[in-house]
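> predicted model, plus sequence, below.
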Amino acid sequence: MATIAFIGLGNMGAPMARNLVKAGHALRVVDVVAANAERLAAAGATMAPSAADAVRGAEAVITMLPAGSHVRDVYLGTGGVLAAAAPGTLLVDCSTIDVESARGVEAAAARSGHDFVDAPVSGGTGGAEAGTLTFMCGGSARAFARAQPLLERMGKTIVHAGGPGNGQAAKICNNMILGISMIAVGEAFNLAARLGLDAQKLFDISSKSSGQCWSLTSYCPVPGPVPGSPANRGYAPGFTGAMMLKDLKLAQEAAHAAGVATPLGAAAQALYALYAGSGHAQDDFSGIVRMLAGSKEAKG
(Lines give C-alpha, C1' and ligand atoms only; values in the text may rest on other atoms or scores of the structure.)
Protein backbone atom coordinates (compact mmCIF):
# COMPACT_ATOMS: atom_id res chain seq x y z
CA MET A 1 0.00 0.00 0.00
CA ALA A 2 1.17 3.52 -0.82
CA THR A 3 1.80 6.60 1.29
CA ILE A 4 -0.35 9.32 -0.28
CA ALA A 5 -0.63 13.05 0.37
CA PHE A 6 -4.22 14.17 -0.24
CA ILE A 7 -4.81 17.92 -0.48
CA GLY A 8 -8.37 19.26 -0.63
CA LEU A 9 -11.10 17.58 1.43
CA GLY A 10 -14.31 19.26 0.32
CA ASN A 11 -17.55 17.61 -0.75
CA MET A 12 -15.77 15.50 -3.36
CA GLY A 13 -12.27 15.18 -1.94
CA ALA A 14 -13.30 13.90 1.49
CA PRO A 15 -15.19 10.79 0.33
CA MET A 16 -12.50 10.07 -2.26
CA ALA A 17 -9.87 10.19 0.47
CA ARG A 18 -11.96 7.94 2.72
CA ASN A 19 -12.11 5.32 0.00
CA LEU A 20 -8.32 5.32 -0.22
CA VAL A 21 -8.10 4.87 3.54
CA LYS A 22 -10.58 1.98 3.33
CA ALA A 23 -8.37 0.41 0.67
CA GLY A 24 -5.48 0.37 3.13
CA HIS A 25 -3.40 3.30 1.88
CA ALA A 26 -1.59 5.54 4.37
CA LEU A 27 -3.01 9.04 3.85
CA ARG A 28 -1.60 12.36 5.00
CA VAL A 29 -4.36 14.90 4.59
CA VAL A 30 -4.51 18.70 4.37
CA ASP A 31 -7.36 21.14 3.93
CA VAL A 32 -7.82 24.87 4.51
CA VAL A 33 -10.73 23.92 6.79
CA ALA A 34 -9.15 22.11 9.72
CA ALA A 35 -12.39 20.30 10.60
CA ASN A 36 -12.34 18.55 7.23
CA ALA A 37 -8.90 17.10 7.95
CA GLU A 38 -9.94 16.19 11.48
CA ARG A 39 -12.84 14.11 10.15
CA LEU A 40 -10.47 12.21 7.86
CA ALA A 41 -8.09 11.67 10.76
CA ALA A 42 -10.97 10.09 12.67
CA ALA A 43 -11.42 7.75 9.70
CA GLY A 44 -7.78 6.63 9.81
CA ALA A 45 -5.79 9.28 7.95
CA THR A 46 -2.99 11.42 9.41
CA MET A 47 -3.37 15.19 9.58
CA ALA A 48 -0.40 17.11 8.22
CA PRO A 49 0.36 20.69 9.31
CA SER A 50 0.96 21.86 5.74
CA ALA A 51 0.91 20.67 2.16
CA ALA A 52 4.71 20.50 2.15
CA ASP A 53 4.71 18.30 5.25
CA ALA A 54 2.12 16.00 3.69
CA VAL A 55 4.09 15.68 0.48
CA ARG A 56 7.57 14.99 1.87
CA GLY A 57 8.30 11.29 1.52
CA ALA A 58 4.93 10.49 -0.07
CA GLU A 59 4.86 8.17 -3.08
CA ALA A 60 1.89 9.97 -4.60
CA VAL A 61 0.09 13.30 -4.24
CA ILE A 62 -3.61 13.72 -5.03
CA THR A 63 -5.27 17.14 -5.15
CA MET A 64 -8.94 18.12 -5.36
CA LEU A 65 -9.15 21.92 -5.47
CA PRO A 66 -11.70 24.57 -6.56
CA ALA A 67 -10.00 26.30 -9.51
CA GLY A 68 -6.89 26.65 -11.65
CA SER A 69 -5.49 29.41 -9.46
CA HIS A 70 -5.56 27.11 -6.43
CA VAL A 71 -3.93 24.28 -8.37
CA ARG A 72 -1.14 26.54 -9.62
CA ASP A 73 -0.55 27.88 -6.13
CA VAL A 74 -0.48 24.46 -4.45
CA TYR A 75 1.86 22.93 -7.03
CA LEU A 76 4.02 25.86 -8.10
CA GLY A 77 3.98 28.21 -5.11
CA THR A 78 6.65 28.67 -2.46
CA GLY A 79 6.54 25.61 -0.23
CA GLY A 80 4.27 23.90 -2.74
CA VAL A 81 4.13 20.35 -4.01
CA LEU A 82 6.93 20.59 -6.56
CA ALA A 83 9.27 22.15 -4.04
CA ALA A 84 8.63 19.45 -1.43
CA ALA A 85 8.12 16.25 -3.43
CA ALA A 86 10.99 13.87 -4.04
CA PRO A 87 11.89 13.31 -7.71
CA GLY A 88 9.72 10.62 -9.25
CA THR A 89 6.65 11.31 -7.08
CA LEU A 90 3.36 10.63 -8.86
CA LEU A 91 1.16 13.75 -8.96
CA VAL A 92 -2.57 13.46 -9.70
CA ASP A 93 -4.85 16.49 -9.86
CA CYS A 94 -8.56 15.61 -9.76
CA SER A 95 -9.77 19.22 -9.83
CA THR A 96 -11.78 20.58 -12.76
CA ILE A 97 -9.73 23.49 -14.09
CA ASP A 98 -8.80 25.21 -17.33
CA VAL A 99 -6.76 23.23 -19.84
CA GLU A 100 -3.98 25.82 -19.94
CA SER A 101 -3.35 25.56 -16.18
CA ALA A 102 -3.31 21.76 -16.30
CA ARG A 103 -0.76 21.74 -19.11
CA GLY A 104 1.36 24.40 -17.40
CA VAL A 105 1.54 22.46 -14.14
CA GLU A 106 2.32 19.22 -16.01
CA ALA A 107 5.19 20.90 -17.85
CA ALA A 108 6.62 22.22 -14.57
CA ALA A 109 6.22 18.80 -12.95
CA ALA A 110 8.04 17.13 -15.84
CA ARG A 111 10.94 19.56 -15.49
CA SER A 112 11.15 18.58 -11.81
CA GLY A 113 11.21 14.87 -12.61
CA HIS A 114 7.63 13.99 -11.68
CA ASP A 115 4.83 12.14 -13.46
CA PHE A 116 1.67 14.28 -13.55
CA VAL A 117 -1.89 13.30 -14.47
CA ASP A 118 -4.85 15.65 -14.78
CA ALA A 119 -7.78 13.47 -13.76
CA PRO A 120 -11.06 15.41 -13.33
CA VAL A 121 -14.05 13.37 -12.28
CA SER A 122 -17.69 12.84 -13.13
CA GLY A 123 -20.27 11.26 -10.87
CA GLY A 124 -20.97 13.82 -8.18
CA THR A 125 -20.91 13.35 -4.44
CA GLY A 126 -22.88 10.12 -4.69
CA GLY A 127 -20.27 8.62 -6.98
CA ALA A 128 -17.49 9.85 -4.70
CA GLU A 129 -19.11 8.18 -1.69
CA ALA A 130 -19.76 4.93 -3.55
CA GLY A 131 -16.38 4.81 -5.27
CA THR A 132 -18.02 4.76 -8.71
CA LEU A 133 -16.59 7.96 -10.20
CA THR A 134 -15.45 8.30 -13.78
CA PHE A 135 -11.92 9.68 -14.13
CA MET A 136 -10.93 11.40 -17.40
CA CYS A 137 -7.15 11.35 -17.46
CA GLY A 138 -4.56 13.36 -19.37
CA GLY A 139 -0.85 12.67 -19.26
CA SER A 140 1.81 10.32 -20.53
CA ALA A 141 1.11 6.59 -20.81
CA ARG A 142 3.61 5.97 -18.01
CA ALA A 143 1.98 8.48 -15.67
CA PHE A 144 -1.47 7.07 -16.39
CA ALA A 145 -0.30 3.50 -15.72
CA ARG A 146 1.05 4.60 -12.33
CA ALA A 147 -2.11 6.50 -11.42
CA GLN A 148 -4.66 3.92 -12.55
CA PRO A 149 -4.43 1.55 -9.53
CA LEU A 150 -5.06 4.47 -7.14
CA LEU A 151 -7.92 5.87 -9.22
CA GLU A 152 -9.55 2.44 -9.31
CA ARG A 153 -9.94 2.65 -5.54
CA MET A 154 -12.04 5.78 -5.98
CA GLY A 155 -13.82 5.16 -9.28
CA LYS A 156 -15.36 2.62 -11.59
CA THR A 157 -14.43 3.97 -15.02
CA ILE A 158 -10.86 5.16 -15.62
CA VAL A 159 -10.19 6.52 -19.12
CA HIS A 160 -6.90 7.72 -20.60
CA ALA A 161 -8.00 10.63 -22.79
CA GLY A 162 -4.54 11.36 -24.19
CA GLY A 163 -1.73 13.79 -23.42
CA PRO A 164 -1.48 16.49 -20.75
CA GLY A 165 -4.64 18.56 -20.36
CA ASN A 166 -6.83 16.12 -22.27
CA GLY A 167 -8.56 15.00 -19.11
CA GLN A 168 -9.71 18.56 -18.55
CA ALA A 169 -10.70 18.88 -22.21
CA ALA A 170 -12.84 15.75 -21.93
CA LYS A 171 -14.48 16.97 -18.71
CA ILE A 172 -15.53 20.38 -20.00
CA CYS A 173 -16.78 18.98 -23.31
CA ASN A 174 -18.79 16.29 -21.50
CA ASN A 175 -20.32 18.78 -19.09
CA MET A 176 -21.19 21.19 -21.87
CA ILE A 177 -23.25 18.34 -23.36
CA LEU A 178 -24.79 17.70 -19.94
CA GLY A 179 -25.69 21.35 -19.31
CA ILE A 180 -27.28 21.75 -22.73
CA SER A 181 -29.18 18.46 -22.56
CA MET A 182 -30.57 19.18 -19.09
CA ILE A 183 -32.03 22.45 -20.34
CA ALA A 184 -33.57 20.66 -23.34
CA VAL A 185 -35.11 17.97 -21.15
CA GLY A 186 -36.44 20.59 -18.73
CA GLU A 187 -38.03 22.60 -21.54
CA ALA A 188 -39.66 19.46 -22.94
CA PHE A 189 -41.23 18.51 -19.59
CA ASN A 190 -42.46 22.06 -19.06
CA LEU A 191 -44.05 22.07 -22.49
CA ALA A 192 -45.61 18.64 -21.88
CA ALA A 193 -47.17 19.91 -18.66
CA ARG A 194 -48.76 22.88 -20.42
CA LEU A 195 -50.10 20.59 -23.14
CA GLY A 196 -51.66 18.20 -20.63
CA LEU A 197 -49.18 15.35 -21.18
CA ASP A 198 -48.34 13.48 -17.98
CA ALA A 199 -44.64 13.57 -17.02
CA GLN A 200 -44.47 9.80 -16.57
CA LYS A 201 -45.99 9.25 -20.02
CA LEU A 202 -43.43 11.56 -21.62
CA PHE A 203 -40.65 9.77 -19.75
CA ASP A 204 -41.91 6.33 -20.82
CA ILE A 205 -42.01 7.41 -24.45
CA SER A 206 -38.85 9.55 -24.71
CA SER A 207 -36.68 7.19 -22.66
CA LYS A 208 -37.28 4.57 -25.36
CA SER A 209 -37.20 6.97 -28.29
CA SER A 210 -34.86 9.43 -29.98
CA GLY A 211 -35.07 11.87 -27.05
CA GLN A 212 -33.26 9.42 -24.79
CA CYS A 213 -30.26 10.89 -22.93
CA TRP A 214 -28.63 10.69 -19.50
CA SER A 215 -30.32 13.90 -18.34
CA LEU A 216 -33.65 12.18 -18.96
CA THR A 217 -33.14 8.56 -17.98
CA SER A 218 -30.70 8.86 -15.06
CA TYR A 219 -31.34 12.39 -13.73
CA CYS A 220 -34.85 13.33 -14.82
CA PRO A 221 -35.41 16.94 -13.64
CA VAL A 222 -39.06 16.52 -12.61
CA PRO A 223 -40.36 14.52 -9.64
CA GLY A 224 -41.58 11.00 -10.22
CA PRO A 225 -40.05 9.17 -13.18
CA VAL A 226 -36.53 8.54 -11.75
CA PRO A 227 -36.85 7.95 -7.99
CA GLY A 228 -33.15 8.60 -7.31
CA SER A 229 -32.97 11.95 -9.07
CA PRO A 230 -32.59 15.20 -7.08
CA ALA A 231 -36.04 16.27 -8.28
CA ASN A 232 -37.46 13.81 -5.74
CA ARG A 233 -35.59 15.35 -2.81
CA GLY A 234 -36.22 19.05 -3.33
CA TYR A 235 -33.27 19.45 -5.73
CA ALA A 236 -30.67 18.87 -3.04
CA PRO A 237 -27.34 18.33 -4.84
CA GLY A 238 -25.91 16.21 -6.45
CA PHE A 239 -24.08 18.54 -8.68
CA THR A 240 -24.81 22.17 -7.90
CA GLY A 241 -25.84 24.93 -10.24
CA ALA A 242 -22.63 26.75 -9.31
CA MET A 243 -20.53 23.76 -10.34
CA MET A 244 -22.32 23.48 -13.67
CA LEU A 245 -21.84 27.21 -14.28
CA LYS A 246 -18.12 26.87 -13.51
CA ASP A 247 -17.73 24.04 -16.05
CA LEU A 248 -19.72 25.87 -18.72
CA LYS A 249 -17.53 28.94 -18.23
CA LEU A 250 -14.41 26.79 -18.64
CA ALA A 251 -15.88 25.33 -21.83
CA GLN A 252 -16.58 28.79 -23.22
CA GLU A 253 -13.09 30.01 -22.34
CA ALA A 254 -11.61 27.02 -24.15
CA ALA A 255 -13.92 27.51 -27.13
CA HIS A 256 -12.94 31.17 -27.48
CA ALA A 257 -9.24 30.33 -27.20
CA ALA A 258 -9.59 27.61 -29.85
CA GLY A 259 -11.79 29.70 -32.16
CA VAL A 260 -14.65 27.19 -32.04
CA ALA A 261 -18.31 28.26 -32.27
CA THR A 262 -20.42 26.80 -29.44
CA PRO A 263 -23.67 28.80 -29.47
CA LEU A 264 -25.67 26.30 -27.43
CA GLY A 265 -22.88 26.12 -24.89
CA ALA A 266 -22.93 29.92 -24.63
CA ALA A 267 -26.70 29.93 -24.19
CA ALA A 268 -26.46 27.24 -21.50
CA GLN A 269 -23.86 29.29 -19.64
CA ALA A 270 -26.13 32.35 -19.73
CA LEU A 271 -29.10 30.38 -18.39
CA TYR A 272 -27.10 28.78 -15.58
CA ALA A 273 -25.74 32.21 -14.66
CA LEU A 274 -29.35 33.34 -14.21
CA TYR A 275 -30.19 30.20 -12.22
CA ALA A 276 -27.19 30.48 -9.89
CA GLY A 277 -27.65 34.22 -9.56
CA SER A 278 -31.27 33.87 -8.47
CA GLY A 279 -30.34 32.15 -5.23
CA HIS A 280 -29.97 28.59 -6.48
CA ALA A 281 -26.20 28.26 -6.83
CA GLN A 282 -26.17 25.49 -4.21
CA ASP A 283 -29.26 23.70 -5.48
CA ASP A 284 -28.86 20.83 -7.89
CA PHE A 285 -28.28 21.95 -11.46
CA SER A 286 -31.33 19.99 -12.63
CA GLY A 287 -33.49 22.43 -10.67
CA ILE A 288 -33.12 24.84 -13.57
CA VAL A 289 -36.32 23.21 -14.85
CA ARG A 290 -38.21 25.34 -12.32
CA MET A 291 -36.64 28.56 -13.53
CA LEU A 292 -37.46 27.63 -17.12
CA ALA A 293 -41.06 27.05 -16.05
CA GLY A 294 -41.15 30.50 -14.47
CA SER A 295 -41.96 29.24 -10.98
CA LYS A 296 -41.77 31.79 -8.17
CA GLU A 297 -39.92 29.26 -6.00
CA ALA A 298 -37.17 28.89 -8.59
CA LYS A 299 -36.74 32.66 -8.78
CA GLY A 300 -36.08 32.88 -5.06
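That came through, no problem.

> from here on, just use CA atoms for contacts and neighbour counts.
Fine.

> in the chain, which strand is the longest?
strand 155-162 (DSSP state E).

> check which helices and strands that strand sits against.
In terms of contact count using 3 or more Cα pairs under 8 Å, 6 or more residues apart in numbering; DSSP states H and E, strand 155-162 is assigned the packing partners strand 133-138, helix 141-151, helix 166-194.

> for these, which one sits closest to residue 97?
Closest to residue 97 of these is helix 166-194 (Cα to Cα; 6.6 Å).

> now do the SS call for residue 4.
When classified by DSSP: H, G, I helix; E, B strand; the rest coil, residue 4 comes out as strand.

> make 54 the starting number, not 1.
Fine by me, first position is 54 from now on; the one you just mentioned is residue 57.

> related to what we said a few turns ago, tell me which of the helices and strands packed on strand 208-215 sits most buried.
Compared across those, strand 186-191 shows the largest average neighbour count, a mean of 27 (mean count of other Cα atoms under 10 Å).

> what's in contact with it?
The set of residues external to strand 186-191 that reach it, using Cα atoms under 8 Å, 6 or more residues apart in numbering, is 170-177, 180, 197, 204, 207-221, 223-224.

> mean confidence for the one helix or strand residue 70 maps to?
Assignment of secondary structure by DSSP states H and E places residue 70 within helix 66-75. Here helix 66-75 scores 97 as its mean pLDDT.

> next SSE after it?
Past helix 66-75, further along toward the C-terminus, the next helix or strand under DSSP H and E is strand 79-83.

> gap between that next one and the chain center?
What separates the centre of strand 79-83 from the centre of its chain is 21 Å, taken as Cα atoms, centre = their mean, to the nearest Å.

> and residue 60, bridged to which residues?
Each beta-bridge partner of residue 60 is listed here, defined by DSSP bridges: residue 83, residue 116.

> and it, what does it touch?
When the contact criterion is Cα under 8 Å, 6+ apart, the partners of residue 60 are 82, 83, 84, 104, 114, 115, 116, 117, 118.
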